[in-house]
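Enquirer: Got a predicted structure plus its sequence, pasted below:
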Amino acid sequence: MNEQVKSEIKFLEGPQSRWEELKFAVKVLFEFIKGFRALHFVGPCVTVFGSARFKDGHPYYDITEELSGKIAQLGFTIMTGGGPGIMEAANKGAKAVGGRSVGCNIVLPVEQHPNPYLDKWVNIRYFFIRKTLLIKYSYAFVVMPGGFGTLDEYFEALTLIQTKKISEFPIVIFDTAFHKELIAHIEYLKSKATISPEDTQLFLVTDSVDEAVAYIQKNSIIKFGLTSQKPHKPFRWLFEK
């Protein structure tokens, strides 16, 4: 286990000395600054989530590549977690149509290498920082078949929208067969009044690439006026690119 992982585990084990807490807080600050510098100029993004375990040639990989390419043709930068599987498929789809492709890669004990279809990426040490960056620069989320990490990112975004901590942006859950038990459980939550009836309208569940693209176009480009946004310009005196 490397030193970075040990320090994170130690921080999460409860109160530490004031000096250790301060050092960790400074590390977090610099991780955020690193993320801001890397992603400030990539343009409006759509983030695609999904499992790292589906390889090229798998139906989920192929449909992700197609969907991401069509989203990129709307003018969005495709953002992912930067790794293999569904993330790679999304970045590959963007590159195939001449679109922009970026990654917010997580540093893990078993190293996750950035996939080869990224124009730009940043390596982040802490999951909570990575999730914040993915939400900060995204105008839509696409949730492809995935595991714990995919669901973690999906429900965090959904909670922030539900509680109005962020502006409501489109969330697409792709592949009804894969997610049928998840959707059934969300309906169960509604039946027990632990969520509001209108909360199930915060996302679209679909098997259609064209429906997903149209939903994102209507609820992000038009809603947020992205066609009239001026791109941010780097400050050379800050060594920005």
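Expert: Yes, it's here.
Enquirer: can you pull out the strands in the chain?
Expert: Taking DSSP state E as the test, the strands found in the chain are 45-49, 77-80, 101-106, 120-124, 138-143, 171-174, 204-206.
Enquirer: separation between Tyr61 and Ser51?
Expert: Distance, Tyr61 to Ser51, by C-beta to C-beta, to the nearest Å: 10 Å. Bear in mind the C-beta positions are built from the backbone N, C-alpha and C, glycine included.
Enquirer: Who has more neighbours out of these two?
Expert: Taking other C-beta atoms under 10 Å, Tyr61 and Ser51 do not tie; Tyr61 has more neighbours (23 against 20).
Enquirer: ok, back up a step: so which of the strands of the chain is the most surrounded?
Expert: strand 77-80 (a mean of 30; mean count of other C-beta atoms under 10 Å).
Enquirer: Pairing partners for it, with directions?
Expert: Sheet pairing here is set by DSSP bridges, and for strand 77-80 it gives strand 45-49 (parallel), strand 101-106 (parallel).
Enquirer: Now do the helices in the chain.
Expert: For the chain, the helices defined by DSSP state H cover 3-11, 18-39, 59-72, 86-96, 127-136, 148-162, 180-191, 209-216.
Enquirer: Quick one: closest of those helices to Pro170.
Expert: Smallest distance to Pro170 across these (C-beta to C-beta): 5.3 Å, for helix 209-216.
Enquirer: and the angle from that closest one to helix 59-72?
Expert: Relative orientation of helix 209-216 versus helix 59-72 (axes from the mean of the first three to the mean of the last three C-alpha atoms, to 10 degrees): 40 degrees.
Enquirer: elements contacting helix 209-216?
Expert: Secondary-structure packing of helix 209-216 (3 or more C-beta pairs under 8 Å, 6 or more residues apart in numbering; DSSP states H and E): helix 59-72, strand 138-143, strand 171-174, strand 204-206.
Enquirer: okay if I get the ones you listed as CSV plus mean pLDDT and distance to Ala96?
Expert: Formatted as CSV, those follow (pLDDT from 0 to 100; distance: least, C-beta to C-beta, whole Å):
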stretch, mean pLDDT, distance to Ala96
helix 59-72, 98, 6
strand 138-143, 96, 17
strand 171-174, 98, 18
strand 204-206, 98, 22
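Enquirer: Would you mind putting the ones you listed into TSV with distance to Met79 alongside?
Expert: As requested, those are exported to TSV (distance: least, C-beta to C-beta, whole Å):
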stretch	distance to Met79
helix 59-72	10
strand 138-143	6
strand 171-174	14
strand 204-206	19
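Enquirer: Could you say which one of the ones you listed comes nearest to Thr132?
Expert: Among the helices and strands packed on helix 209-216, strand 138-143 comes nearest to Thr132, with 10.9 Å by C-beta to C-beta.
Enquirer: So, low pLDDT: which residues of this structure?
Expert: Along the chain, the model assigns pLDDT under 70 to residues 1-8, 109-111, 222-241.
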